[in-house]
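# Need a 3D model of the following:
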Amino acid sequence: YFNENQYPDEAKREEIANACNAVIQKPGKKLSDLERVTSLKVYNWFANRRKEIKRRANIEAAILESHGIDVQSPGGHSNSDDVDGNDYSEQDDSTSHSDHQDPISLAVEMAAVNHTILALARQGANEIKTEALDDD
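Coordinates of the predicted model:
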């Protein structure tokens, strides 16, 4: 469901909750309040997942920046741009989803970033070994 739409409306969240409940409910037993999935739980799952994706992208951008590579951050700014922290606080969550990439493009882009990070890490490890040999 998340791959289809990262910002489901109330009706879709209710549909997702009902689908989850249908899967976890055992025949002849009623789900307890703790076990039952609600639309609020679905809302929180989606919000947490969006937040985690953004957090990981920011970490990857910081790693690349530490290697001198300029990348576009999830907020649409380059990590070398001077950005006031208040720019993001004024943005309403309901309007911010219109410019998000589709999940497949995002996954391809993140895979490319991960590949670059691994290559840089290998390069850094080789430089460290060479420097250690030169010091002796």
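
# Three-state assignment for Arg56, please.
When states are read from DSSP: H, G, I helix; E, B strand; the rest coil, the local structure at Arg56 comes out as helix.

# could we number from 431 for the rest of this?
Happy to do that; since the first residue is 431 now, the last one works out to Arg486.

# what about it, neighbour count?
For Arg486, the neighbour count with other CB atoms under 10 Å is 14. Every C-beta, even on glycine, is put in place using the N, C-alpha and C of the backbone.

# And His497, how far from Glu490?
Using CB to CB, to the nearest Å, one gets 11 Å for the distance from His497 to Glu490.

# The two - which one has more neighbours?
Neighbours per residue, other CB under 10 Å: of His497 and Glu490, the larger number sits with Glu490, 18 against 13.

# residue contacts, the more buried one?
Val501, Met540, Val543, Asn544, Ile547 (CB atoms under 8 Å, 6 or more residues apart in numbering).

# give me the element the third one is part of.
Counting by DSSP states H and E, the secondary-structure element that holds Val543 is helix 533-565.

# and what of Lys481?
helix 469-496.

# Averaging pLDDT per element, find the lowest-scoring helix or strand in the protein.
Ranking every helix and strand in the chain by mean pLDDT, DSSP states H and E puts helix 516-519 at the bottom, with a mean of 39.

# residues near Asn488, how many?
Residues within reach of Asn488, counting by other CB under 10 Å, total 14.

# What pLDDT does the model give it?
The predicted structure scores Asn488 at 90 on the pLDDT scale.

# What of Ile454?
In the predicted model, Ile454 carries a pLDDT score of 94.

# repeat for Ala477
At Ala477, the predicted lDDT confidence score is 97.
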